[in-house]
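Everything below, folded, please.
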Amino acid sequence: MIATLCLILASVVTTLANDYYGTFVGDFKNRFHGVKGEVFAVDSRTLFIRGFSYDGQGPDAFFYAGENGQPSGNGFLIADEKGSTDILGAYRKKDIVLTLPGGKTLRDIRWISVWCNAFDVNFGEITIPNRLNYPRPQKIHNFDGIHDVGSDKVVVVDAQTFLIPNFTYDGQAPDAHFWVGEGSRPGPEGHYVADENGSNEPLRKYSEKTLVIVLPGDLTVFDIDFLSVWCVAFYVDFGHVRIPRDLNVPPSLRMLGIEPQSKLNCEVLDEKIGFEVRWAIAGKSIVTQLVARLNDGQYMAFGLSGESDRSRMVGGDVTVTWMDHESGKGYADDYYLDSKSQCAGKRGACPDKKIKRGTNNVRLLNSAVINDFTMLTFRQPLQAKDRYDVQIYTNESQPVIWAVGPVNSEGEVSYHQKRLRGNLFFDFGRIPQWNCPIAGKPAPQTKAKKKQKQAPTPAPAPQSDDPWFIPAIQCYEPEDGVFFAQIGPTGGDNGYSAITGHVGWGISWYINGLLIPEIYVVRGKTYTFVVEGGDNKEFAAGYHPFYITDDPEGGYEFKSAQERRKVRVLAGVEQTRFGGTVPSATGRLCEWKEDPRQPANFFSSFGAYQRSLSLNCQEGQPGILQWTPDRNTPDTVYYQCYTHRFLGWKIRVLDRCDQ
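Now for the predicted structure:
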């Protein structure tokens, strides 16, 4: 993959910020003209030469490689680090990257030389070992967690890049991010990883989408133990993959000091809405990205004119793109503009697939909204594939057309609100030129954005006009003072968030079958909590030790020493002899489950919702917590989860039951 990128992208070499360059092959052996350098295999076709030197005095010197024997003129030429096959100039301790030509790989060659064609002289060479174990992308485990987090096996493309095939996540949590760090399981000490669009905003909904994400700054896979979908505000791991320690993967371009320069074209179509078209020729196809500030329900269309000498809508072959902002789904369709009217039957501005013998020859690659800009990327063939397509030429200019307008109820175009005025010609095969401002592009990330010890407080929940009434558990009930603490859903818009004013992340405590009820207790009486919140540490999303504290947030495990000094634990946490803390109230997992056919927002009362729930318990024993509030116990304390924030609610402490 790096080799392909090196062929496509021109590059300049900058100062190196690390010491991993791939598999060490050996040093150049100098014969003449001061040839020196350490050679590393980056992948099957790419070599990194650290500190390359050559005095440039040879009259006809090139990089050469051969498949057998010793260096000779019977080898083949390798372009220099700029992709040029000109005679080599002088180098002085320069770091360079070379890419083998055609289908050649390091398995095919036995030597690389600085070879002088004019005199058939080898100025210096490196011998390639047999069966060289060069770095290559490697598959690891797949995501499989809660909130529908899942994927196929993750590919470590290089030391800073992950490919996540068919990634899925329901998008329901308020503060979920890609997250990496060290340790046996994910925790709040870690680093944000931007999404596939370079954004650090909370993750949106994904449905079997293939993503490429890149570690920030100088962070590499050798520095981390896990890649997680982590809810920052609530300390919850929605699913993670372990990173093996023995990965033999290529270094990234960034680690090699290579700064890819854009080989994309870009032209502005309409400045007022920031409408841009970006493109790159990729073999027999063209990849195009349309970018604009659009309202929900608007399309943007771009394509080729219906006439060869001027820009004309009628007869045009365009791609219409739009995005459903609510679902996040993007669309790209091949259209033929039969006339200036909405598609009716087979006439008007119609998708090719609705016309006889027409086909949709456009494939959507990606859709996103970044900084209020809608971005849709698609691929199409250069050659016309049906009678309604116009061929895209790479050796001459062609007239183009564009328009912006509303999408109708059928998901098709209505009459445009903006369109091209006059003629506009594009040379799609030109030397790449970027003639656009940087619109909608996220700021470059130069350093790893590390999670601060002070956890962010989730945004306040939207105020509900009608939070559910949850009956409090009074101090005289139950008589034996026994409470069952189990896990269940937060109850939609009228449940946890409406009651507490905090955004929930999907689950909360249920006490005696009630969603976060207030509990009234009396000083001097002993109360027993039967805890069924999960006891499997390896399944973090189902591990909820119970404790009582004066802290309205909870999540004691991940609090810093300074944060712990500000709160008081009343029950459920014990000190170890080494000065640490462990939860003492853990038990099997019992979870109230919602009927997916009857979500919480269908119900006007908790009582009705409660009757739709079912209780599922795993095998095992519950945990037991006993607590006797006394005169030093504050009037208001909280039952909480030791490992996650914002799962519990209030305990009111009274002197007498008749207060």
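
Phe119 versus the closest residue to Asn117 other than its chain neighbours, what's the distance?
Distances taken as CB to CB, 6 or more residues apart in numbering put Asp60 closest to Asn117, at 4.6 Å, once the chain neighbours are dropped. Yep, even glycine has a C-beta here, placed from its N, CA and C like the rest. Applying CB to CB, to the nearest Å, the value for Asp60 to Phe119 is 7 Å.

Ok, Pro437 next?
53 Å.

Ok, Tyr64 next?
Going from Tyr64 to Phe119 by CB to CB gives 13 Å.

Those two: which is more packed in?
Tyr64 (22 against 11; other CB atoms under 10 Å).

which SS state does that one fall under?
With DSSP: H, G, I helix; E, B strand; the rest coil as the basis, Tyr64 sits in strand.

same deal with Glu276?
Of the three states, Glu276 takes strand under three-state DSSP.

so it makes contact with Glu267?
Yes. Here Glu276 lies in contact with Glu267, judged by CB atoms under 8 Å, at a distance of 6.9 Å.

any shared contact partners between the two?
Common contact partners of Glu276 and Glu267 (CB atoms under 8 Å, 6 or more residues apart in numbering): Cys436.

between these two, which one's more packed in?
Taking other CB under 10 Å, Glu276 and Glu267 do not tie; Glu276 has more neighbours (24 against 16).

For the more buried one, give the beta-bridge partners.
Val268, Val291 (DSSP bridges).

what residue ranges in the protein score low on pLDDT?
1-18, 258-263, 341-342, 344-346, 371, 438-465, 659 (pLDDT under 70).

rerun at 50
Residue ranges of the chain with pLDDT under 50: 1-17, 261, 439-453.

give me every residue that touches the spatially most central residue of it.
The centre of the chain sits closest to Asp195, judged by CA atoms, centre = their mean, with a distance of 3.0 Å. Contacts for Asp195 (CB under 8 Å, 6+ apart) come out as 178, 201, 203, 211, 213.

Let's see that with 6 Å instead.
Contacts for Asp195 (CB atoms under 6 Å, 6 or more residues apart in numbering) come out as none.

if I've got this straight, it is in a helix?
No. Applying three-state DSSP, one finds Asp195 to be coil, outside a helix.

Would you quantify the distance from it to Lys209?
Using CB to CB, we find Asp195 at a distance of 11 Å from Lys209.

cool, and Gly587?
With CB to CB as the criterion, Gly587 and Lys209 are 38 Å apart.

hmm, back to that, ok, the residue nearest to the centre of the chain to Phe178 distance?
Asp195 is 7 Å from Phe178, by CB to CB.

Contact partners for the residue nearest to Lys36 when sequence neighbours are not counted?
In space, not counting the residues next to it along the chain, Lys36 is nearest to Ser53; the distance is 4.4 Å by CB to CB, 6+ apart. By CB under 6 Å, 6+ apart, the contact list for Ser53 reads 34, 36, 91-93.

residues of the helix or strand containing Ser53 that come out buried?
Here Ser53, judged by DSSP states H and E, is contained in strand 46-54. Neighbour counts using 16 or more other CB atoms under 10 Å place 46-50, 52-54 of strand 46-54 among the buried residues.

Using PDB, write out every CA atom in that strand.
What follows is strand 46-54, C-alpha atoms only, in PDB (Å, rounded to 0.1, in the frame of the first residue of the first chain):
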ATOM      1  CA  THR A  46       9.600   0.000  -1.000                       C
ATOM      2  CA  LEU A  47      13.100   0.800   0.400                       C
ATOM      3  CA  PHE A  48      14.100   3.500   2.800                       C
ATOM      4  CA  ILE A  49      17.800   4.500   2.700                       C
ATOM      5  CA  ARG A  50      18.900   6.400   5.700                       C
ATOM      6  CA  GLY A  51      21.800   8.900   5.300                       C
ATOM      7  CA  PHE A  52      22.400   8.100   1.700                       C
ATOM      8  CA  SER A  53      25.600   9.700   0.300                       C
ATOM      9  CA  TYR A  54      27.100   9.800  -3.200                       C
END
